[in-house]
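J.: heads up, no residue letters with this:
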């Protein structure tokens with residue numbers, strides 16, 4: 001089974017919360033030490049109305065369009081994804097930058113291109129993140145084949 005088939009267990013849920021806690025105590029941006037960039041997504045529960053925080057990988061940032069590209073390891077099964085689909089405006093933080101944002105899913109073709117671009121830039125990180133959620137691949141063609149099963153989002157800061 002992979003992340004595409006099941007939700008994270010207790011250990012992974014705890015593991016995914018550690019970066020959230022680090023951001024909240026003022027260590028946002030520490031992930032650059034391991035060659036990553038993360039986004040803290042603060043969203044409202046679609047049923048509870050409570051505020052939740054989730055940390056996601058920033059796969060790319062297009063400065064010209066001020067667009068962040070993020071991944072949802074558990075796709076549409078992830079609560080945070082379902083929450084932002086129900087309530088599209090959410091708070092985001094990348095390093096010390098805080099903003100209100102909206103996210104749009106990428107097409108399968110754009111997802112495939114982004115996966116390959118990210119893999120070329122960070123092959124070891126890509127393999128380790130995918131392995132953590134139970135996904136193994138043998139190269140760029142495998143990544144392209146996975147694209148329809150994964151969800152990548154384009155996050156656009158809202159203008160003030």
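T.: Thanks, I have the structure now. Note that the coordinates shown come from a computational prediction; the quantities given were computed from them, not determined experimentally.

J.: So what touches stretch 73-89?
T.: Here stretch 73-89 makes contact (Cβ atoms under 8 Å, 6 or more residues apart in numbering) with 3-4, 7-8, 41, 43-46, 52, 54, 56, 72, 90, 100-103, 129, 133, 149-151, 153, 158. (Each C-beta comes from the backbone N, C-alpha and C, glycine too.)

J.: Quick one: find the helix or strand in this structure with the lowest mean pLDDT.
T.: None of the helices or strands of the chain scores lower by mean pLDDT, DSSP states H and E than helix 10-22, at a mean of 64.

J.: Can you name every helix or strand that the helix or strand following it contacts?
T.: Per DSSP states H and E, the first helix or strand lying C-terminal to helix 10-22 is strand 38-44. Applying 3 or more Cβ pairs under 8 Å, 6 or more residues apart in numbering; DSSP states H and E, we find strand 38-44 packed against strand 51-62, strand 67-72, helix 79-86, strand 90-94.

J.: what's strand 38-44 in contact with?
T.: Strand 38-44 has contacts (Cβ under 8 Å, 6+ apart) with 19-20, 23, 28, 31, 50-58, 68, 70, 80, 83-84, 87, 90-94, 155.

J.: filter those to the buried ones?
T.: Buried members of the contacts of strand 38-44, counted by 16 or more other Cβ atoms under 10 Å: 19-20, 23, 28, 31, 53-58, 68, 70, 80, 83-84, 90, 92-94, 155.

J.: low-confidence ranges in the protein?
T.: Within the chain, the set of residues satisfying pLDDT under 70 comprises 1-21, 25, 27-31, 33-34, 160.

J.: Quick one: closest of the helices and strands packed on strand 38-44 to residue 116.
T.: strand 51-62 (10.7 Å; Cβ to Cβ).

J.: Tell me the strands beside that closest one, with direction?
T.: According to DSSP bridges, strand 51-62 forms sheet pairs with strand 38-44 (antiparallel), strand 67-72 (antiparallel).

J.: Please tell me how far the longest one is from the chain's geometric centre.
T.: When C-alpha coordinates are averaged (Cα atoms, centre = their mean, to the nearest Å), strand 38-44 and its chain have centres 9 Å apart.

J.: Nice, that's everything, thank you.
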